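K.L.:
Please work out how this folds:
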Amino acid sequence: MFYSDIFLVLRSEDVSKASSYSQWLLQNLFSLRAQDIFCDTVLVVGKRQLKAHSVVLSAGSPFFHSALKFYSKPGLRYLTLPGFNFDVLEIAVRFIYTGKFEVGMKYAKPSHRTELLNSLGQLGLNLEHLEECEIVHHR
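P.N.:
This is a model prediction of the structure:
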């Protein structure tokens with residue numbers, strides 16, 4: 001059996017199972033990142049750092065794909081992002097891992113939301129999901 005044969009036999013109820021599997025997989029990848037397991041990339045903004053998986057970043061963002069595809073040596077990859085807002089980077093990475101935007105109250109203001117949109121656009125993220133943005137209060 002070839003892979004193309006597998007897709008030809010999917011029934012509509014199997015699509016919802018695949019969607020559940022995708023969500024499960026994203027949750028597990030996010031959990032691995034939160035526990036710093038298999039992280040191979042360090043995103044650096046000023047003195048702050050954020051660890052992640054290069055393959056997940058590359059799959060979720062054309063910007064990261066272009067920036068990381070030339071790293072061929074094993075070990076940690078350090079990617080410095082000068083002038084980037086670290087809080088926005090955290091939002092972007094969370095979106096790549098979860099498919100959800102969770103932003104602080106700061107981004108309820110139109111001027112800050114514009115900054116967020118511009119930064120996310122620089123990373124090449126699919127912004128059509130921004131209407132589903134959930135504003136949460138982080139203490």
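K.L.:
helix or strand for the most centrally placed residue in the chain, which one?
P.N.:
By CA atoms, centre = their mean, the chain has its centre lying nearest to I96, at 1.6 Å. Counting by DSSP states H and E, the element that carries I96 is helix 86-98.
K.L.:
How far does that helix sit from its chain's centre?
P.N.:
Here helix 86-98 is found 6 Å from its chain centre; the criterion is CA atoms, centre = their mean, to the nearest Å.
K.L.:
and it, what does it pack onto?
P.N.:
helix 12-34, strand 41-45, strand 48-52, helix 54-60, strand 102-103, helix 110-122 (3 or more CB pairs under 8 Å, 6 or more residues apart in numbering; DSSP states H and E). In this view, the C-beta of every residue, glycine as well, is placed from N, C-alpha and C.
K.L.:
any chance of the ones you listed in CSV, plus mean pLDDT and distance to I91?
P.N.:
Converted to CSV, those look like this (pLDDT from 0 to 100; distance: least, CB to CB, whole Å):
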stretch, mean pLDDT, distance to I91
helix 12-34, 79, 14
strand 41-45, 97, 13
strand 48-52, 97, 11
helix 54-60, 94, 13
strand 102-103, 75, 6
helix 110-122, 80, 7
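K.L.:
which residues sit in contact with L123?
P.N.:
L123 sits next to 61, 63-64, 92 when contact means CB atoms under 8 Å, 6 or more residues apart in numbering.
K.L.:
cutoff 10 Å now
P.N.:
57, 60-64, 67, 81, 84, 88-89, 92-93, 95-96 (CB atoms under 10 Å, 6 or more residues apart in numbering).
K.L.:
For S119, see how far away the closest residue to G46 other than its chain neighbours is.
P.N.:
Nearest-residue entry for G46: F86, 6.9 Å, with adjacent residues in sequence omitted and distances by CB to CB, 6 or more residues apart in numbering. Counting by CB to CB, to the nearest Å, the separation of F86 from S119 is 11 Å.
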